[in-house]
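**Q** pasting a predicted model and its sequence here:
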Amino acid sequence: MSYEICYSRAFIKTNRGIIPLVLSGSNNCTEFKHGKERRERDWGTFYGNRFIEKNASEILDFFKNKDDKSDFCKYRGKWLNYCDAYDFYLKGIKNALYLEEYLKNGLFRNTQGRTYGIHYLKCYVHNWAVEHGKIELEKDITTTEDLEAWLDDARAYIGNDNNNKFICFMFNDNEAISVRKKTNIKGACIIKDKNWFLSTNDAQKWECAYDVAGALIFDNAEQAEKHIEAMREKWGSSVNRLKIVKYDANKKEQVKNCYIHINNFGYFVKFTRYGYRYTYSLCDMNKMTQQRAKQVLKKLTDKFSKYIYELVKEAEQCA
């Protein structure tokens, strides 16, 4: 059975309405991404041009008045029918952001757990009136003003031919999007990058410490936000993965600074059904506390004694 799977949503606000973008794809089609085969997915809007730059009430009324419990799509492992779609769109509308906010605070998060920034929104008209279809009015856009101007040009070009010409959008990658939100933490703060803590930021580099004791401490969240803004100007969207967390001098952090090195193979990543995965990349290693690393080391030695394993501490951090 063929059905649609939704992986992420990114509703974009303009000064005239909302563009409900959804990352979705068929369960029957696959693509190769990052060297692996997975189900295909692309950014787009359901129902063609119908909901582009409509206000919230127009979009929600369409689903509110539907009395159809047939399956709409699959989202987060659960089936959504047309009645459930009302809540799906309602939450997307509440979290809608301007394009500039996605570019500033948004992150792609791929299936390997790596994060990287959003650079632009590609807009184009797909003309199916010609054989095999044709992409027209293609443009990479970074501001709301340019987006609205492009939409005006696209609508003028399409006219009344909504059955053959469709407005399409896609970000610079077809991965799920998360957005770094401002924090309301009061008091002293530190900046966290996954399981590390920001310790150095100068003209040449920024580095992280494995222990909270080595972290840069800020008087309040506002000061930490300004520091991240300054870092963004210097280092770009890679800093979007940073988070501001409360600093507690009395709290003992479980430091994940241990790795398992496999002789002649690289570093341990995780156990699989019939063995385990390993990597040569320092950025993809499995970070563990010393206690957990000892447990993994014992399991590896007991089950796969053919190789030599070594517990390694404080491997080089990647920025």
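**A** Good, I have the coordinates.
**Q** look up how far Phe88 lies from Ala293.
**A** Ala293 sits at a distance of 41 Å from Phe88 (criterion: Cβ to Cβ, to the nearest Å). In this view, the C-beta of every residue, glycine as well, is placed from N, C-alpha and C.
**Q** next one: Tyr280
**A** As judged by Cβ to Cβ, Tyr280 and Phe88 stand 41 Å apart.
**Q** tell me which of those two has more neighbours.
**A** Phe88 (18 against 9; other Cβ atoms under 10 Å).
**Q** quick check: that one touching Tyr75?
**A** Yes. Using Cβ atoms under 8 Å, Phe88 is in contact with Tyr75, at 6.7 Å.
**Q** the helix or strand where Glu145 lies packs against which elements?
**A** Glu145 belongs to helix 144-158 when assigned by DSSP states H and E. Other elements packing on helix 144-158 under the criterion 3 or more Cβ pairs under 8 Å, 6 or more residues apart in numbering; DSSP states H and E are helix 99-105, strand 121-127, strand 134-141, strand 165-171.
**Q** ok, now with 6 Å
**A** On a contact count with 3 or more Cβ pairs under 6 Å, 6 or more residues apart in numbering; DSSP states H and E, helix 144-158 meets strand 134-141.
**Q** mind listing what's buried along the helix holding Glu145?
**A** By neighbour count with 16 or more other Cβ atoms under 10 Å, helix 144-158 contains the buried residues 144, 147, 150-151, 154, 158.
**Q** as CSV, the residues you listed with distance to Ala249 and pLDDT would be great.
**A** Converted to CSV, the buried residues of helix 144-158 look like this (distance: Cβ to Cβ, whole Å; pLDDT from 0 to 100):
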residue, distance to Ala249, pLDDT
Thr144, 43, 96
Leu147, 46, 96
Trp150, 52, 96
Leu151, 52, 95
Ala154, 56, 93
Ile158, 61, 92
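**Q** tell me which of those residues is nearest to Ile93?
**A** Using Cβ to Cβ, Thr144 comes nearest to Ile93 of the buried residues of helix 144-158, at 16.7 Å.
**Q** for this protein, what are the low-confidence residue spans?
**A** For the chain, applying pLDDT under 70 flags the ranges 65-71, 111-113, 250-255, 282-284, 314-319.
**Q** now Val269. Nearest residue, chain neighbours left out?
**A** Spatial nearest neighbour of Val269, chain neighbours left out: Arg277 (4.2 Å); criterion: Cβ to Cβ, 6 or more residues apart in numbering.
**Q** packing partners of the strand or helix carrying that neighbour?
**A** Using DSSP H and E, the secondary-structure element containing Arg277 is strand 276-279. For strand 276-279, the packing partners by 3+ Cβ pairs under 6 Å, 6+ apart come out as strand 266-271.
**Q** and with 10 Å instead?
**A** Based on contacts counted as 3 or more Cβ pairs under 10 Å, 6 or more residues apart in numbering; DSSP states H and E, the elements that strand 276-279 packs against are strand 258-262, strand 266-271, helix 290-303.
**Q** angle of the shortest one against strand 266-271?
**A** Direction vectors for strand 258-262 and strand 266-271, defined by axes from the mean of the first three to the mean of the last three Cα atoms, to 10 degrees, enclose an angle of 110 degrees.
**Q** just checking, what packs against strand 258-262?
**A** Using 3+ Cβ pairs under 10 Å, 6+ apart, the elements in contact with strand 258-262 are strand 266-271, strand 276-279, helix 290-303, strand 309-313.
**Q** what do you get if the cut-off is 7 Å, keeping everything else the same?
**A** For strand 258-262, the contact count by 3 or more Cβ pairs under 7 Å, 6 or more residues apart in numbering; DSSP states H and E identifies strand 266-271, helix 290-303, strand 309-313 as packing neighbours.
**Q** just the C-alphas of it, formatted as PDB.
**A** Coordinates of the C-alpha atoms in strand 258-262 are reproduced here as PDB (Å, rounded to 0.1, in the frame of the first residue of the first chain):
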ATOM      1  CA  CYS A 258      35.300   8.700  26.900                       C
ATOM      2  CA  TYR A 259      35.500   6.700  23.700                       C
ATOM      3  CA  ILE A 260      36.300   3.100  22.600                       C
ATOM      4  CA  HIS A 261      39.100   2.800  20.100                       C
ATOM      5  CA  ILE A 262      39.100  -0.400  18.000                       C
END
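**Q** what lies in contact with it?
**A** In this structure, residues lying in contact with strand 258-262 by Cβ atoms under 7 Å, 6 or more residues apart in numbering are 267-268, 278, 285-286, 288-290, 293, 296-297, 300, 307, 309-313, 315.
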